[in-house]
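Asker: Just need the structure, nothing else, for what follows:
(chains A, B and C)
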Amino acid sequence: MKAFTSVNDVSNVPSFIKEALKLKQAPFAFQHLGKNKTLGLIFLNPSLRTRLSTQKAAMNLGMNVIVLNIDKEGWQLEMQDSAVMNGTTVEHVKDAATVIGNYCDIVGIRCFPGLKNKEEDYTESVLNKFIQYCNCPLVSLESATLHPLQSFADAITINEHWKKSGKPKVVLTWAPHIKPLPQAVANSFVQWMLKSEVDFVITHPQGYELAEQFTKNAKINYDQQEALQGADFIYAKNWSSFTSYGTMPDVKEDWMLTPEKLKATPDAKVMHCLPVRRNVEVPDSLLDSPSSLIYNQAENRVYAAQAVLKNMLESNF
Amino acid sequence: MKAFTSVNDVSNVPSFIKEALKLKQAPFAFQHLGKNKTLGLIFLNPSLRTRLSTQKAAMNLGMNVIVLNIDKEGWQLEMQDSAVMNGTTVEHVKDAATVIGNYCDIVGIRCFPGLKNKEEDYTESVLNKFIQYCNCPLVSLESATLHPLQSFADAITINEHWKKSGKPKVVLTWAPHIKPLPQAVANSFVQWMLKSEVDFVITHPQGYELAEQFTKNAKINYDQQEALQGADFIYAKNWSSFTSYGTMPDVKEDWMLTPEKLKATPDAKVMHCLPVRRNVEVPDSLLDSPSSLIYNQAENRVYAAQAVLKNMLESNF
Amino acid sequence: MKAFTSVNDVSNVPSFIKEALKLKQAPFAFQHLGKNKTLGLIFLNPSLRTRLSTQKAAMNLGMNVIVLNIDKEGWQLEMQDSAVMNGTTVEHVKDAATVIGNYCDIVGIRCFPGLKNKEEDYTESVLNKFIQYCNCPLVSLESATLHPLQSFADAITINEHWKKSGKPKVVLTWAPHIKPLPQAVANSFVQWMLKSEVDFVITHPQGYELAEQFTKNAKINYDQQEALQGADFIYAKNWSSFTSYGTMPDVKEDWMLTPEKLKATPDAKVMHCLPVRRNVEVPDSLLDSPSSLIYNQAENRVYAAQAVLKNMLESNF
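Answerer: I've put the predicted structure just below:
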């Protein structure tokens, strides 16, 4: 594995999930792999779970970890090729990425979208610069359009909590928010569910359609209550509009999940990637209920990251 | 030891001091204890000594350390239960603490008081949220009302420098400052001195009485010069008013320690927790004199933290 | 080696270069040296290469590393002796440095010049406070007037890429910029070249003369094209005026290196310490050409730092 930026870097999702669950049983079994290897975690945006869980995963594998908040601790990056750098940017991403890649054996990079320019975001211009120049295995710590470590952890969590035979029904339901958020978690969850052994449906208000490059042939149902019928796992998440890019088209109905909406599916598990705006996106009554898997998802971030890093360390890159 | 947030978590102060002094003699003797254990140091406020000494203590014990400036690098935390999070806070402390506790074997947390709301501060609302939710041993790196790692280091330092028989006389003397500071260091020092084998007296101007829950039966003398008579150890520290909470009532006399005030006690040692506003709280002439123990106190922060962490690692939590 | 703040701390530059190149061949050969030793990296200014490469070097040697952005994560430092600290500074550098030195076996410090007060900068007032008080081996991570780890890496790089017999011709050429930069990289490069087996010349516009304490008997040629004749290595770098301190006197000619200017010396290698303002200081066409050594210089930062740290660890300090 030379890069982990989407589900497409994984040859077989179910077997990758099994590998992560094995690591969860014996997290320190592969410390020889990471000896004298350095993971550089580069943040252009804030992070709590990703920062801590990826660091933990690397330490479990015996790696050294360097964390850099590049915009705050380093230099402001120029992203445009051929730019005449007479403005506020101090270092070109080309130079920063090349140097970082030179110092590290694996690089992790977090680069949120600006939500202003759809093309810039959806061509993953920043992530791709790092891939192009860092010249070593690269892990996305959430990019403009995808958050694969989160979705992998989500898939692991669903696998762990599905004890029945057959496929579980998984619903991704749009949630309200007070400001425009990226589509990355939603896009990414869709990608992983479409490669998992689940029955999957997306529900959201008009105007919040996700990019077709990710939803492909996924079932979409604009009626939330209908979509929730028979759900085994319900993933609530806000995202801003893709078509009217980065905006928040008006929504008349109340899309926040409630215990009432789940009366017909009392065994359904509730999921969210965190951080969650409590009582805006999802109410306390669901987040703190026995149905909630939010902390299980967070815990599995360690083993998702560890499976990815282990795979890269074994690749004899 | 499941938590270390005040002297009350220590069964026997004198023997805990002896344990720390043993670690000072052989700091690397217990590295097997920390193998594959992770200490998470979470800062809501700045830190120099605490950050470095606790990290050093953990590394001495073979632990991995993750440092997170949560408000700057992570997300702004919501502290109110049941809050409808439609404002500026992005993550509830409940979720952050649960997740951090899940990734770490021991969590350290620094959360200064706001000095606006006495009840909020004196119920240790933030610290208690972390204790409630992080579900792993927790070390206070200074909370709203107490700074136990500092006071433990202070107690170690007094023990180290008392060569005579009998109890030393220890004086806590209020010092001037230019802005309102927490009472935490003073409260905490009082707590530890009341459990140490010392003769203890507090001196401060009218209006600067500390909370009775900490001072209990401690001797208080409003006459600084009288209090200093026969002192062996003099701890200078500013704090703002507890009764008129967070304010700085006018003080007519000059409360800054001076060499003149110590003429009658030339062998008295001068202490301060640092950082110190030189020539405002304490003059250079005392801080830089042979009587000064300020750097000894700072050095002992490592062994105070190490004794606490070692105890937690041995507790088979 | 008790301090590494300039080339004067190195007894023999050519043999120190050889030592670094040996470490490059076997970076993990001396991990016993760093066991249970702590490197504290203290930043008063941003950093990318220095932060990462020095951390990597220390980890290669088996050391523990603590990074502290002291002004952001710690307390604002007072630099004046005897100051009455009733302003914005919270901790005196005397106290901070003493405490940091106590916690660490080696301290690295980055302290850029203010470019306002020549005397303050050129007496290295901040660096010298740290040297005076930290009481342990100290490595400059770039000070007000010098950047020795950079220059050492530059010297290593020149040595690596000079395959002919005789001395290479090395040219330091001033480059344009949009704001006043320190003279540190240039001063330091001059110092190292004057102690290396090279034929060295400096070229810059009138008004940009470097301090004589560093240039000494170095050749200076105000005609860039003449200076470049027969060059084997060309080091481009901006600096602000030393004589009219911290200003940018007008320059009429275009001093940016171009492929045209190098037509007569097609084999000349182009160097820059990074970060570089592309197409302002040096054009893409040179930075991205096969002649460019910018990434080799950055890579060698690890082995420069490692040679210094190894030497300190071996000194039985």
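
Asker: I'd guess residue A:173 is in a strand, am I close?
Answerer: Yes. Counting by DSSP: H, G, I helix; E, B strand; the rest coil, residue A:173 is found in a strand.

Asker: Quick check: closest non-adjacent residue to it.
Answerer: Nearest non-adjacent residue to residue A:173, counting by Cβ to Cβ, 6 or more residues apart in numbering or on different chains: residue A:203, 5.0 Å away. Backbone N, C-alpha and C define where each C-beta goes, glycine included.

Asker: got a list of what the one you found touches?
Answerer: Counting by Cβ atoms under 8 Å, 6 or more residues apart in numbering or on different chains, residue A:203 touches A:171, A:172, A:173, A:174, A:220, A:221, A:222, A:223, A:224, A:226, A:227, A:228.

Asker: ditto for residue A:281
Answerer: A:175, A:176, A:177, A:236, A:237, A:238, A:256, A:272.

Asker: pretty sure residue A:191 belongs to a strand, no?
Answerer: No. Going by three-state DSSP, the assignment for residue A:191 is helix, not a strand.

Asker: Would you mind listing what in the stretch 201-317 of chain A touches chain B?
Answerer: Contacts of the stretch 201-317 of chain A with chain B, taken as Cβ under 8 Å from any Cβ of the partner chain, map to A:274-280, A:284, A:287, A:294-295, A:298-299, A:302.

Asker: With pLDDT and distance to residue C:309 added, can I get those in TSV?
Answerer: Shown next, in TSV, are these (pLDDT from 0 to 100; distance: Cβ to Cβ, whole Å):
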residue	pLDDT	distance to residue C:309
A:274	98	40
A:275	98	39
A:276	98	45
A:277	98	47
A:278	98	48
A:279	98	52
A:280	98	50
A:284	98	52
A:287	98	48
A:294	98	44
A:295	98	42
A:298	98	38
A:299	98	38
A:302	98	32
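
Asker: Just the residues you listed: which are in helices?
Answerer: A:284, A:287, A:294, A:295, A:298, A:299, A:302 (DSSP state H).

Asker: how many other residues sit next to the fifth one?
Answerer: Read that as residue A:298. 25 (other Cβ atoms under 10 Å in any protein chain shown).

Asker: Which pLDDT value belongs to the closest residue to it other than its chain neighbours?
Answerer: Spatial nearest neighbour of residue A:298, chain neighbours left out: residue B:99 (4.5 Å); criterion: Cβ to Cβ, 6+ apart. Listed pLDDT for residue B:99 reads 98.

Asker: wait, what's in contact with residue B:99?
Answerer: Shown in contact with residue B:99 (Cβ under 8 Å, 6+ apart): A:48, A:49, A:52, A:274, A:295, A:298.

Asker: now the helices for chain A?
Answerer: With DSSP H as the definition, chain A shows helices at residue ranges A:13-25, A:31-34, A:49-60, A:70-73, A:93-103, A:118-122, A:125-134, A:148-161, A:184-194, A:212-215, A:224-228, A:284-287, A:294-314.

Asker: Ranked by average pLDDT, which of the ones you listed falls at the bottom?
Answerer: Here the lowest mean pLDDT among the helices of chain A goes to helix A:70-73, at a mean of 88.

Asker: Put the alpha carbons of that one into CSV.
Answerer: Extracted C-alpha coordinates of helix A:70-73, given in CSV (Å, rounded to 0.1, in the frame of the first residue of the first chain):
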residue,chain,number,x,y,z
ILE,A,70,2.3,23.3,9.6
ASP,A,71,0.5,26.6,9.2
LYS,A,72,1.0,27.5,12.9
GLU,A,73,4.4,26.1,13.6
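
Asker: Please identify the buried residues of that helix?
Answerer: Buried positions in helix A:70-73, judged by neighbour count with 16 or more other Cβ atoms under 10 Å in any protein chain shown: A:70, A:73.

Asker: residues from the stretch 1-150 of chain A in reach of chain B?
Answerer: Proximity of the stretch 1-150 of chain A to chain B (Cβ under 8 Å from any Cβ) is limited to residues A:28, A:43, A:46-49, A:51-53, A:55-56, A:59-60, A:69, A:72.

Asker: Of those residues, keep whichever come out buried.
Answerer: Buried members of the residues of the stretch 1-150 of chain A next to chain B, counted by 16+ other Cβ under 10 Å: A:43, A:46-49, A:51-53, A:55-56, A:59-60, A:69.

Asker: so which of the residues you listed comes closest to residue C:264?
Answerer: Closest approach to residue C:264 among these (Cβ to Cβ): residue A:69, at 44.7 Å.

Asker: So what pairs up with the closest one in the strands?
Answerer: Beta-bridge pairing for residue A:69 (DSSP bridges): residue A:43.

Asker: hang on, it packs against residue A:45?
Answerer: No. With contact defined as Cβ atoms under 8 Å, residue A:69 does not reach residue A:45; the gap is 9.1 Å.
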